[in-house]
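Peer 1: All I have is the shape, not the residue letters:
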Ligand code: KIV
C-alpha cells in the first residue's frame, strides 16, 4: 500500500485550501472525534479534520445527528484540537445551535472557537441560514457550508437518499452554493448529490467544494472515519470505499484476549511485576 507524505508540513489554513484548488491539488478531509484518532489522522497528512456531528451516530449511538448538543461537540472539538499539528480543524455546529437565530448562531460559533481552539465551523443549509452565516462571519470566524443531503434536516427529507436529482432542487442547490460563496464561506461540502451537479458547482465556484457521495470532479473528498476503516460495520453505501476492516481486526483481538484470560494464559510471568 502506498503511503502519503505531505510536501508542506506547515499548518493548513483556509487560504492554503484555496491555493490547492487553484493548482488542482485535491483536498483530503476525514472526520475525527477524539484525541487518539485525531493524532493518527493528522500524522498521516490529512488536510482537513472535521469534528462532525456524525459523532452523534458513531460515538453516541444515536440514529440521527439531531440529539448531539453544543457542549458535546465542544468536548469532541477540544479533544481533537489537542492532537492536531497540521490539519485545519473544522467543528460542526449542531442542530438547534444556529438555525433561525443569528445571535444564537454567533454565540454558538464563538463558544466553539473560544473553548476548542478549532480553526473553523461548519453549518448545514443555504438561503435559510443566510443571516446566521453572515453573523458568524462578521465575527471573523471561518465558515464551511454544507449542501445536498444535510442530515440535520432528515425529518424534512424523510430519507438518506440522493438529493437534488430533480431540476428544481438542483437549481436551488446551485443558487445556495453561489450565495454561500458570496457571503464569504471558505469551502462547501456537497453530500450525496449527482456527480454531474457537483462537478458543475465545483467549476462555477472559486472556493473549494468537498464531496461525499458527490463524485470525483470536485476539489476534495470527505468521509466519516468509522465508515472508511470498517468500524461502522454494516454501513456500506455505494459511495464508501473501505480502506480497512478494523472492526474485524479488533473483534479478533478482543476474543483472543478473552480466551487468554479464561485459559490463565494472560498475564504470563513476563507480564507481571
Ligand atoms: O458530520 C459529518 O460527519 C459530516 C460529513 C458527513 C461531511 O458532516
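Peer 2: Done, it's in. Everything numeric here is computed off the predicted structure, so don't read it as measured data.
Peer 1: What's the separation between the closest residue to the ligand within the stretch 1-150 of the chain and residue 101?
Peer 2: Nearest residue of the stretch 1-150 of the chain to the ligand (C-beta to the nearest ligand atom) works out as residue 52 at 2.4 Å. For the C-beta atoms, the positions are set from N, CA and C on the backbone; glycine is no exception. Distance, residue 52 to residue 101, by C-beta to C-beta, to the nearest Å: 22 Å.
Peer 1: who's more crowded, these two?
Peer 2: Set residue 52 next to residue 101 and count neighbours by other C-beta atoms under 10 Å: residue 52 wins out with 29 against 15.
Peer 1: could you list every residue that touches that one?
Peer 2: Contacts for residue 52 were tallied using C-beta atoms under 8 Å, 6 or more residues apart in numbering; they are 31, 33, 92, 122, 224.
Peer 1: what do you get for residue 100?
Peer 2: With C-beta under 8 Å, 6+ apart, residue 100 has these contacts: residue 132.
Peer 1: Please give the element, helix or strand, for it.
Peer 2: Here residue 100, judged by DSSP states H and E, is contained in no helix and no strand.
Peer 1: Please apply the same query to residue 221.
Peer 2: Here residue 221 is assigned to strand 220-223, by DSSP H and E.
Peer 1: quick one: that strand to chain centroid distance?
Peer 2: 8 Å (C-alpha atoms, centre = their mean, to the nearest Å).
Peer 1: Show me what secondary structure element comes after it.
Peer 2: Assigned by DSSP H and E, the successor of strand 220-223 is helix 225-228.
Peer 1: what's next to that following helix, contact-wise?
Peer 2: 30-33, 37, 41, 58, 231-232, 235, 240-244.
Peer 1: could you redo the last one with a cut-off of 7 Å?
Peer 2: By C-beta atoms under 7 Å, 6 or more residues apart in numbering, the residues outside helix 225-228 that reach it are 30, 31, 32, 37, 41, 58, 232, 235, 240, 241, 242, 243.
Peer 1: How about stretch 258-269?
Peer 2: With C-beta under 7 Å, 6+ apart as the contact definition, stretch 258-269 has outside contacts at residue 257.
Peer 1: repeat for stretch 208-218
Peer 2: Contacts for stretch 208-218 (C-beta under 7 Å, 6+ apart): 17-18, 20-21, 27, 29, 148, 187-193, 195, 198-199, 201-202, 219-223, 237, 239.
Peer 1: Now the lowest-mean-pLDDT helix or strand in the chain: buried residues?
Peer 2: Lowest on mean pLDDT, DSSP states H and E among the helices and strands of the chain sits helix 154-157, with a mean of 95. Buried residues in helix 154-157, counted by 16 or more other C-beta atoms under 10 Å: residue 154.
Peer 1: Would you map the strands across the stretch 1-150 of the chain?
Peer 2: For the stretch 1-150 of the chain, applying DSSP state E, counting those that start in this stretch gives strands covering 27-31, 48-51, 88-92, 120-122, 143-148.
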